[in-house]
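Undergrad: Give me a 3D structure for the following:
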Amino acid sequence: MTRPRAVMFGSGHSGMTLATGLLADGWRVDVFTRHSTPELLGGPAGLTQITLPSVRAAERSLGLDLWATTSPKAQTVRMAMTSEQQAWGFTAALSAPATAIDHRLKTAYWLQRFESLGGGVHVKTCTTADVISFASARMYDLVVVAPGVDSDLGQLFAPDQRRVSGATDRVAVQVHLDGFPRAPEDTDIQVISHPHGEVLVYPVLAHDALSPAQVRELSGAGDAHIDVAPFWATCVQVLARPGTALDPTPVLGGSSGEATTAGLPSRHGRHAQTAWDHVLSRLAVLAPDLAEQCAKASVVPHSELVRDIRPQVRHPVTVLGGAPVLGIGDATVTVEHASGQGAGASTLVATTLRDQIRQQRHVNGSLDRDFLTGAWEAYWARHGQYTSGFGEFVTGYWNGALPDALLKTFAETVATTEGANAWAAGLDDPALMARLLTP
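TA: Numbering: from 1, shown residues only. The predicted structure is shown next:
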């Protein structure tokens, strides 16, 4: 029997998870990525994501939990709700440890492993014309678009007005800190929720970015395996609501520099450093103890990031050149990052689609538009809708959209150890969270 073939445009979390799963199922899989492994390891940072226990288990089943013994583990979570009118919180325990890996490190090593298993990796910035050409040629049984937020490929998919992702406009500011002084009472993960935005603090496996000279040298080394020495650091993310005091946009607005499609002058370098200085000064008021800890640590070079987030929801399947094309990840749905579900959504859409495709192939069914749409809908029914609902709760808590009775019940529930741990279980599985947040 001829081996089925798939092509993946993009090497992000969802794309690489699906590509690795299909490869394990006997497919021939080609991945097109904009950056080589050395370029990834020497490039600018992206948003770090927490990998919660059930997602880690899914990665482990695919052989992708490459840092199981070396990454810092996080199992306790402190959620603090704070404003001028109120200040309260609760502590919860996850059922198993979570991890966070610098996305550059994760993508680079996943690509290396994928290639070592026989997958095809092609370094090329693909355009919409390339996707149309591949789809029209009918060379592949499955064409998947899974690009990052900067890609234009998402425009191939029409906006879906029927669905909401639960995400809201945000300005994200992130750094990795070395030498962050943890207090004995600190939990592994801290989440501060405020009307102006959320602040997330958690351990991360970071790395020193390769220098431009190292990138050039290693890029000429052919298929040589590249190793870097990762180390433990602390990730601090500030997810500001636009127009609030946490929002660094005003201090960046007059800066010169290359504009991004997100509307900010730059996501990295001097602009990101300025954004971090701004939010750190605001943290001195919002969370003075945290601000003091941050001030005592040093920023890992090239880990700074400022990013404008504008949520989108698009239909998951389009037809190009008469062939269906599937979109996953940021190509179709923006997840509310403050909900901590980014990595979970990426992994679960990939594993659900893999299962659906495997079943369809088993009965010799066609991977046509109807099937791919139904397969994505299966993900939405099992996971996506609950992730969306969790994101809406995060936003609705402060904007008055939630019933007082629900807020009261939520506070009473998480005030108990059992209720707080039920919240932690819902963090890991949004379907469980939906039960907790239902009036």
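
Undergrad: can you tell me the average pLDDT over the host helix or strand of Val306?
TA: With the criterion set as DSSP states H and E, the secondary-structure element containing Val306 is strand 305-309. Mean pLDDT, strand 305-309: 92.

Undergrad: Assign the closest residue to Glu59 other than its chain neighbours to helix, strand or coil.
TA: Leaving out its chain neighbours, the residue that sits closest to Glu59 by CB to CB, 6 or more residues apart in numbering is Asp65, at 4.6 Å. In this view, the C-beta of every residue, glycine as well, is placed from N, C-alpha and C. With DSSP: H, G, I helix; E, B strand; the rest coil as the basis, the three-state label of Asp65 is coil.

Undergrad: burial of Asp65, as a residue count?
TA: Neighbour count of Asp65, defined by other CB atoms under 10 Å: 18.

Undergrad: coming back round to it: could you point out which element follows the strand holding Val306?
TA: In the C-terminal direction from strand 305-309 (assignment by DSSP H and E), the next one is strand 317-320.

Undergrad: So which bits of that following strand are buried?
TA: Judged by neighbour count using 16 or more other CB atoms under 10 Å, the buried positions of strand 317-320 are 317-318, 320.

Undergrad: what's the answer for stretch 114-131, then?
TA: Neighbour-count burial for stretch 114-131, counted by 16+ other CB under 10 Å, picks out 114, 119-121, 126, 128, 131.

Undergrad: Let's see which of those end up in strands.
TA: Cross-referencing those against strands under DSSP state E gives 120-121.

Undergrad: how about the buried residues of stretch 114-131 in TSV, adding distance to Leu283?
TA: Output for the buried residues of stretch 114-131, formatted as TSV (distance: CB to CB, whole Å):
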residue	distance to Leu283
Phe114	39
Gly119	43
Gly120	45
Val121	40
Cys126	40
Thr128	41
Val131	42
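
Undergrad: out of the buried residues of stretch 114-131, who's nearest His176?
TA: Looking at the buried residues of stretch 114-131 and their distance to His176, the nearest is Phe114, at 25.3 Å (CB to CB).

Undergrad: Which strands or helices does the lowest-mean-pLDDT helix or strand in the chain pack on?
TA: The helix or strand of the chain with the poorest confidence is helix 212-219; it has a mean of 84 (mean pLDDT, DSSP states H and E). Judged by 3 or more CB pairs under 8 Å, 6 or more residues apart in numbering; DSSP states H and E, the packing partners of helix 212-219 are helix 37-42.

Undergrad: Outside of the helix it packs on itself, list whatever touches it.
TA: Around helix 37-42, the neighbours that count as contacts under CB atoms under 8 Å, 6 or more residues apart in numbering are 104-105, 107-108, 111-112, 207, 209-212, 214-215, 218-219, 226, 228.

Undergrad: Now the strand or helix carrying Ala57: average pLDDT?
TA: Assigned by DSSP H and E, Ala57 belongs to helix 53-61. Within the predicted structure, the mean pLDDT of helix 53-61 is 95.

Undergrad: Could you do stretch 132-143 as well?
TA: Model confidence over stretch 132-143 averages 95 on the pLDDT scale.

Undergrad: tell me how far the ends of it are from each other?
TA: Start to finish, the residues bounding stretch 132-143 are 10 Å apart (CA to CA, to the nearest Å).

Undergrad: which other residues reach it?
TA: Contact partners of stretch 132-143, identified using CB under 8 Å, 6+ apart, comprise 4-7, 9, 22, 27, 30, 131, 320-326, 357, 367.

Undergrad: Strands - which of these land there?
TA: With DSSP E as the criterion, strands contain 5-7, 9, 30, 320, 323-326 from among those.

Undergrad: Can you flag the buried ones in those residues?
TA: Applying a neighbour-count criterion of 16+ other CB under 10 Å, the buried members of those are 5-7, 9, 30, 320, 323-326.

Undergrad: Redo these as TSV? Include pLDDT and distance to Thr91.
TA: Rendered in TSV, the data for those read as follows (pLDDT from 0 to 100; distance: CB to CB, whole Å):
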residue	pLDDT	distance to Thr91
Arg5	97	49
Ala6	97	44
Val7	97	46
Phe9	96	42
Asp30	98	46
Leu320	95	50
Ala323	95	51
Pro324	97	47
Val325	97	45
Leu326	97	41
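
Undergrad: Between those residues, which sits nearest Arg162?
TA: Relative to Arg162, and with distances defined as CB to CB, the nearest of these is Leu326, at 18.4 Å.

Undergrad: Next one: the closest one from Asp368, what distance?
TA: If you measure Leu326 against Asp368 using CB to CB, to the nearest Å, the figure is 11 Å.

Undergrad: From the chain's centroid, how far away is the longest strand along the chain?
TA: Longest among the strand segments of the chain by residue count, using DSSP E, is strand 87-100. When distances are taken as CA atoms, centre = their mean, to the nearest Å, strand 87-100 is centred 18 Å away from the chain's centroid.

Undergrad: Sort out which residues of it are buried, please.
TA: When neighbours are counted by 16+ other CB under 10 Å, the buried residues of strand 87-100 are found to be 90-92, 94, 97-100.

Undergrad: For these, which two are the farthest from each other?
TA: Across the buried residues of strand 87-100, no pair lies farther apart than Phe90 and Thr99, at 22.7 Å, counting by CB to CB.

Undergrad: surely Phe410 meets Thr438?
TA: No - Phe410 is not in contact with Thr438 according to CB atoms under 8 Å; the separation is 10.4 Å.
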